[in-house]
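K.L.:
got a predicted structure here, sequence first:
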Amino acid sequence: MSTPKLRIAVQKSGRLLDESIQLLKECGIRIDNGRDQLKASARNFPVEVLYLRNSDIPQYIQDGVADIGIIGENTVIEKNKDVRVVQQLGFSKCRLSLATPKGEQYDGPKSLNGKRIATSYPISLQQFLDREGITAEIHEISGSVEIAPNIGLADAICDLVSTGSTLFKNGLEEQDIVLKSEAVVAASPKIDAERQAILDKLLFRVKSVLAAKNKKYLLMNVPTDKVSEVTNLLPGMRSPTVLPLVEEGWSSVHTVIAEDKFWDIIDQLRTTGAEGILIVPIDKMIL
Ligand SMILES: Nc1ncnc2c1ncn2[C@@H]1O[C@H](COP(=O)(O)OP(=O)(O)OP(=O)(O)O)[C@@H](O)[C@H]1O
Ligand SMILES: O=P(O)(O)OC[C@H]1O[C@H](OP(=O)(O)OP(=O)(O)O)[C@H](O)[C@@H]1O
Ligand SMILES: [Mg+2]
């Protein structure tokens, strides 16, 4: 009997593809074939990659045709299938928002009562309207939603936004956020024990890759009598490593730090006497 493989559905083409494949690569998974074949295996890990339309992936996961998928959380919510989100991935961050033509009066969701709203996400929008107690007419269109108010098809839109530049170019103003989304790993309720074990291994790798993403390894030389002042500034993983330098009176201090935190303390580190500061990327971080 052949050993089981975890079947991973990824988007065939579009915004999620590159980062999904990159993530698998960073997890040490080398995929053999190109995506022209719609199905590829890895040489060094028991997985099979299925290249599918993003919007079809929740159904495939529910049916157990794919064991897991990398998709936007927004698609999980919109498709409303029996799938479990098992890991947030931190890329493809966007929000599903309501927008109206610039300059038009908007006093909160109630302004949408009786209005026509164009969207590719009718289920998520309807849930939002129900929560807010609003009755509006939903026009489902599959793309170029932002053009709808300009051509008289709708009074407002509900679409994905990240930079806001598509809204701006179409003379629209973001009003209310319906939901926030990022790429996630969603798993099938039908996954068997053997494939669940492979998934657990994969998720362990994914977590190690993600943990390292926004962290940096920080090294610097510090006058030994200033070491405790410097280490008090550092939120290390456990505690910083302090090593003596060959030069008398100096120590080398090492720690792991969130990149955004580093910029907050750099001036204090330098004033305290830290020199030769190095910030080095971390490839993986095993938690
Ligand atoms: N502007 C954006 N910025 C960041 N993430 C986005 C943006 N637009 C979409 N996304 C995310 O990427 C996912 C895929 O979007 P994309 O436009 O590539 O495919 P699609 O047209 O929704 O689906 P299909 O593959 O079925 O054609 C979306 O579900 C959403 O989670
Ligand atoms: O806020 P922004 O950064 O401008 O991004 C928002 C746009 O991105 C998405 O479209 P996409 O480019 O994926 O095109 P599509 O409609 O063909 O999917 C979304 O539907 C918006 O139109
Ligand atoms: Mg899109």
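P.N.:
Arrived safely, thanks for sending. Ligands and ions are numbered 1, 2, ... in the order given.
K.L.:
how about whichever residue of the stretch 1-150 of the chain sits closest to ligand 2, what does it touch?
P.N.:
For the stretch 1-150 of the chain, the residue closest to ligand 2 is G143, as judged by Cβ to the nearest ligand atom, at 4.3 Å. Any C-beta I mention is one placed from the backbone N, CA and C, and that applies to glycine too. Taking Cβ atoms under 8 Å, 6 or more residues apart in numbering, we find G143 in contact with S120.
K.L.:
give me the three-state assignment for it.
P.N.:
Each residue gets one of three states, and G143 gets coil by DSSP: H, G, I helix; E, B strand; the rest coil.
K.L.:
phi and psi next, for it.
P.N.:
Main-chain torsions, G143, degrees, to the nearest 10: phi -170, psi 180.
K.L.:
look up how far D159 lies from it.
P.N.:
Using Cβ to Cβ, to the nearest Å, one obtains 9 Å as the distance from G143 to D159.
K.L.:
shared neighbours of these two, anything?
P.N.:
Contact with both G143 and D159 is made by residues S120, according to Cβ under 8 Å, 6+ apart.
K.L.:
end-to-end on stretch 238-257?
P.N.:
Across its full length, stretch 238-257 reaches 11 Å end to end, with Cα to Cα, to the nearest Å as the criterion.
K.L.:
so for it, what gets flagged as buried?
P.N.:
Buried residues in stretch 238-257, defined by neighbour count with 16 or more other Cβ atoms under 10 Å: 240, 242, 250-251, 253-257.
K.L.:
identify the farthest-apart pair in those residues.
P.N.:
Across these, no pair lies farther apart than W250 and V256, at 21.6 Å, counting by Cβ to Cβ.
K.L.:
ok now the helix ranked longest in the chain, how far from the chain's centre?
P.N.:
Assignment by DSSP state H gives helix 193-213 as the longest helix of the chain. Taking Cα atoms, centre = their mean, to the nearest Å, one finds helix 193-213 lying 16 Å from the centre of the chain it belongs to.
K.L.:
and after that helix, which helix or strand comes next?
P.N.:
Read in the C-terminal direction, the helix or strand following helix 193-213 is strand 215-223, with elements assigned using DSSP states H and E.
K.L.:
could you export that following strand as CSV, CA atoms only?
P.N.:
Taking Å, rounded to 0.1, in the frame of the first residue of the first chain, the C-alpha atoms of strand 215-223 are listed here in CSV:
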residue,chain,number,x,y,z
LYS,A,215,11.8,38.8,14.5
LYS,A,216,15.4,39.7,14.2
TYR,A,217,18.5,38.5,15.9
LEU,A,218,20.2,41.4,17.6
LEU,A,219,23.9,41.5,18.5
MET,A,220,25.9,44.5,19.9
ASN,A,221,28.9,45.3,21.9
VAL,A,222,28.3,47.0,25.2
PRO,A,223,30.6,48.3,27.9
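K.L.:
give me the next element, helix or strand, following that strand.
P.N.:
With DSSP H and E setting the assignment, the helix or strand that follows strand 215-223 is helix 227-233.
K.L.:
quick one: contacts of that next one?
P.N.:
By Cβ under 8 Å, 6+ apart, the surrounding residues in contact with helix 227-233 are 220, 222, 239-240, 242, 251, 253, 255, 265, 268-269, 272-274.
K.L.:
ok, of those residues, which one's closest to I68?
P.N.:
Using Cβ to Cβ, the contacts of helix 227-233 come closest to I68 at T255, 34.9 Å.
K.L.:
pretty sure the closest one is in a helix, no?
P.N.:
No - T255 is assigned strand when assessed by three-state DSSP, not a helix.
K.L.:
mind checking how far it is from N221?
P.N.:
Separation of T255 from N221 (Cβ to Cβ) stands at 14 Å.
K.L.:
give me the pLDDT for the residue of the stretch 1-150 of the chain closest to ligand 2.
P.N.:
Per-residue pLDDT puts G143 at 94.
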